[in-house]
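*Asks:* my questions concern the predicted model and sequence given below.
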Amino acid sequence: MTTSRSPVTEYVGLVAVLAALVTVFGFASDHFVSRVTFTTLANQMPALTVSAVGMTLVLVAAGIDLSVGSVMALAAAVLGVGLTRWHWPLPGATAYDRHSTSRLRPHRPLKAPLDFYFDFSSPYSYIASEWVEALAARHGRTVRWHAILLGATFQAAELKSPVAYPLKREYSLRDFRRSARFEGVPYVPPAEFPIPTQNAARLFWWLHDTRSAAAATAWARAGLRAYFTRGVALNDVVALKALAGASGLDADAAEAAWNDPVWKARLKAENDAAIAAGIFGAPSFLVDGELFWGNDRKPQIERWLASGRF
């Protein structure tokens, strides 16, 4: 005698297996049961749904043909990627979500950028600036650069430059050179150190706000390399103006910018924001809300980006 199983019991095994897999992977990884995972699955579902519906129509119409199914699967996958990542327009239809009335919201990276705080007169900031972008890129992150003044953070934290202490000065100067050699970056101790670099920092924010973050980052690299490899005195307005021109900027506009009260206030606001975020030295890195201070925190940042909190 044959007994028929209810539709419910037919799926009990599948549900049990699915629950077991979720449990196993949930314990194996801290990131499996997370918003990112479910967001990724949701982003992949539209293409699979379109493919499944299309193949179902092929079967219903009795036009079973592997080539037809393959073409539809490929077309659905390409369409899904085009809509979500490349922002293709969809004629005759508008995609809305419950939080926005905008058409087809642009793709947003799932990983937060790394915030990099630096001072133009900090040797360790210069060294870190040469590796931070590559490190972030290895883990699918971008970098947000923040020009600040150590003088402001030192005052807030009641600190002084390490070279201001006689017992620590010689060690610090030696460690600057050694750290640069360790990272394989050129370094020539500037004749005058440290120096005030507020004008260079104001130019950074001028470029950041009027042109682009990329233009500001390019200026930051140019200024840091000029000071720590060629000894260009960033505190000398003539030398700074010449460097601005050599870096492709309008030298007169640059000089006007660093004297403009607007960009003086912009730098002060950034210093205040950095202090409010707990920044007391440079280089500093904010990764997922966690603060790392110093060029020598590179291994810890690398591990954090690779495997998460520790």
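*Replies:* That came in fine, so what should we check first? Numbering: from 1, shown residues only.
*Asks:* where's Leu249 relative to Val237, distance?
*Replies:* 14 Å (C-beta to C-beta, to the nearest Å). For every residue, glycine as well, the C-beta is placed using N, CA and C.
*Asks:* and the two? Which one has more around it.
*Replies:* Higher neighbour count among Leu249 and Val237: Leu249, with 22 against 13, using other C-beta atoms under 10 Å.
*Asks:* now that one: how far from Pro113?
*Replies:* The gap separating Leu249 from Pro113 is 25 Å, by C-beta to C-beta.
*Asks:* with Pro196 instead?
*Replies:* Taken as C-beta to C-beta, the span from Pro196 to Pro113 is 29 Å.
*Asks:* same question, Glu302
*Replies:* 16 Å.
*Asks:* same check, this time on Ala269
*Replies:* From Ala269 over to Pro113 (counting by C-beta to C-beta), the distance is 20 Å.
*Asks:* ok, now Asp252?
*Replies:* For Asp252, the distance to Pro113 - C-beta to C-beta - is 33 Å.
*Asks:* then Ile279?
*Replies:* 16 Å.
*Asks:* so between the two, which is more surrounded?
*Replies:* Neighbour count, other C-beta under 10 Å: between Ile279 and Pro113, Ile279 has more, with 25 against 13.
*Asks:* near Glu290, how many other residues are there?
*Replies:* 12.
*Asks:* so who does it touch?
*Replies:* 304, 309 (C-beta atoms under 8 Å, 6 or more residues apart in numbering).
*Asks:* which residues of the stretch 101-250 of the chain fall in strands?
*Replies:* Using DSSP state E, counting those that start in this stretch, the strands assigned to the stretch 101-250 of the chain run over residues 114-118, 143-147.
*Asks:* burial count for Thr217?
*Replies:* Count around Thr217 with other C-beta under 10 Å applied: 20.
*Asks:* need the contact list for it.
*Replies:* Contacts of Thr217 by C-beta under 8 Å, 6+ apart are 143, 145.
*Asks:* so Leu207 makes contact with Ala222?
*Replies:* No: look at Leu207 against Ala222 with C-beta atoms under 8 Å: they stay out of range, at 10.7 Å.
*Asks:* these two: which has the busier surroundings?
*Replies:* Leu207 (25 against 18).
*Asks:* for that one, list the residues it contacts.
*Replies:* 215-216, 219, 249 are the contacts of Leu207 under C-beta under 8 Å, 6+ apart.
*Asks:* with respect to Glu170, which of the residues you listed is nearest?
*Replies:* Trp219 (32.3 Å; C-beta to C-beta).
*Asks:* gap between that closest one and Asp175?
*Replies:* 27 Å.
*Asks:* of these two, which one has the most company?
*Replies:* The residue with more neighbours, out of Trp219 and Asp175, is Trp219; 26 against 17, by other C-beta under 10 Å.
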